[in-house]
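1. Quick one, what's the 3D model for this:
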Amino acid sequence: MAIIRAPKTAAAALAAGSLVVLALAGCSPKSAGGGAAPAPVSTSAASSAPPTTAPAHAKLDGVPSACPAAAVVMSNLHQTSLVVHRPDPSFCEYLFKGNKSAPHVAITFAANPGITVAQVKAGLEREQKDVKPVPGLADAAFSFGAPPGGGLTFLSGDTICSILSGVRTTTADEVALANAIISG
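-> Sure thing, here's the model as predicted:
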C-alpha cells in the first residue's frame, strides 16, 4: 500500500498544511492531480432529503466512472453552493461557490486488490489523528480528525474511498455520504 499526498491546493485548503489522503498503489498519474482539469460543473442548492442507506450487498467495484454529483455531496454534508472543480473520478474536488483557492471537500477513490482492513487502519494511524472505527459501513470504515472538518476512509471490496472536509461536518454526515456513494 502506498500513501499519496493530495495536491497542495487541496491540502492547503483542507488542513492548512499537509493533509494526507490515503490512496493506493496503481493509480494513474492523472489521479494524483496530473493532466488537465475539465471545466467546472455547478449544481443548485442541496435537497433536504434524508440520507439513504446502502444495501448490505452493495460494494464499490473499483474507481467509479464519475465523481459523486455535487448535489449528493451537498445534501449529505449539509453544504450549499459546492461546485465540482476537478471531476477526475479518482480525485474529486468540490469547491465552495467555485472558489479555487478554498476547496471544501475532496473525495478520493483507489482500487487495490488484496488490501486488508489492517493495512488500511495502519496507514491511517501513521498519518492521521484520532482514528476511530466506524461500525456498520462497508467492509471497514474509520473516521479521523482533519481540522476544521473531518475525514472518513472506508474499504468497500478492493476499493478505498477517503472523504476529507475542510468545513465542519459530523461523522454521521460523512457516513451518509459514504452510503450514497456505495449505493451509487
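
2. going forward, measure contacts between C-alpha atoms and count neighbours the same way
-> Noted.

3. which residues of the protein fall in helices?
-> With DSSP state H, the ranges of helices along the chain come out as 8-15, 70-77, 117-127, 171-183.

4. Rebuild those helices as JSON lines, extending it with mean pLDDT, mean neighbour count and distance to residue 95.
-> As requested, those are exported to JSON lines (pLDDT from 0 to 100; neighbours: other CA atoms under 10 Å; distance: least, CA to CA, whole Å):
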{"stretch": "helix 8-15", "mean pLDDT": "36", "mean neighbour count": "20", "distance to residue 95": "10"}
{"stretch": "helix 70-77", "mean pLDDT": "92", "mean neighbour count": "23", "distance to residue 95": "9"}
{"stretch": "helix 117-127", "mean pLDDT": "94", "mean neighbour count": "15", "distance to residue 95": "24"}
{"stretch": "helix 171-183", "mean pLDDT": "95", "mean neighbour count": "20", "distance to residue 95": "16"}
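
5. for those helices, which one sits closest to residue 85?
-> Minimum separation from residue 85 across those (CA to CA) falls at helix 70-77, 9.8 Å.

6. Kindly format the C-alpha coordinates of the closest one as PDB.
-> Provided in PDB are the C-alpha atoms of helix 70-77 (Å, rounded to 0.1, in the frame of the first residue of the first chain):
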ATOM      1  CA  ALA A  70     -22.100  17.900  -6.200                       C
ATOM      2  CA  ALA A  71     -25.800  17.700  -5.200                       C
ATOM      3  CA  VAL A  72     -25.200  14.400  -3.400                       C
ATOM      4  CA  VAL A  73     -22.200  15.800  -1.600                       C
ATOM      5  CA  MET A  74     -24.100  19.000  -0.600                       C
ATOM      6  CA  SER A  75     -27.100  17.100   0.600                       C
ATOM      7  CA  ASN A  76     -25.300  14.700   2.800                       C
ATOM      8  CA  LEU A  77     -22.800  17.100   4.200                       C
END
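
7. what angle separates it from helix 171-183?
-> Counting by axes from the mean of the first three to the mean of the last three CA atoms, to 10 degrees, helix 70-77 lies at 140 degrees to helix 171-183.

8. So which elements touch helix 70-77?
-> strand 82-88, helix 171-183 (3 or more CA pairs under 8 Å, 6 or more residues apart in numbering; DSSP states H and E).

9. Report the backbone C-alpha coordinates of the last one in CSV.
-> Same thing as helix 171-183. Taking C-alpha atoms only, helix 171-183 is exported to CSV below (Å, rounded to 0.1, in the frame of the first residue of the first chain):
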residue,chain,number,x,y,z
THR,A,171,-19.1,11.5,11.2
ALA,A,172,-22.8,10.8,10.7
ASP,A,173,-22.8,13.2,7.7
GLU,A,174,-19.8,11.6,6.2
VAL,A,175,-21.3,8.1,6.8
ALA,A,176,-24.5,9.3,5.0
LEU,A,177,-22.3,10.4,2.0
ALA,A,178,-20.4,7.2,2.1
ASN,A,179,-23.6,5.2,1.9
ALA,A,180,-24.8,7.3,-1.0
ILE,A,181,-21.5,6.7,-2.8
ILE,A,182,-21.7,2.9,-2.2
SER,A,183,-25.3,2.7,-3.3
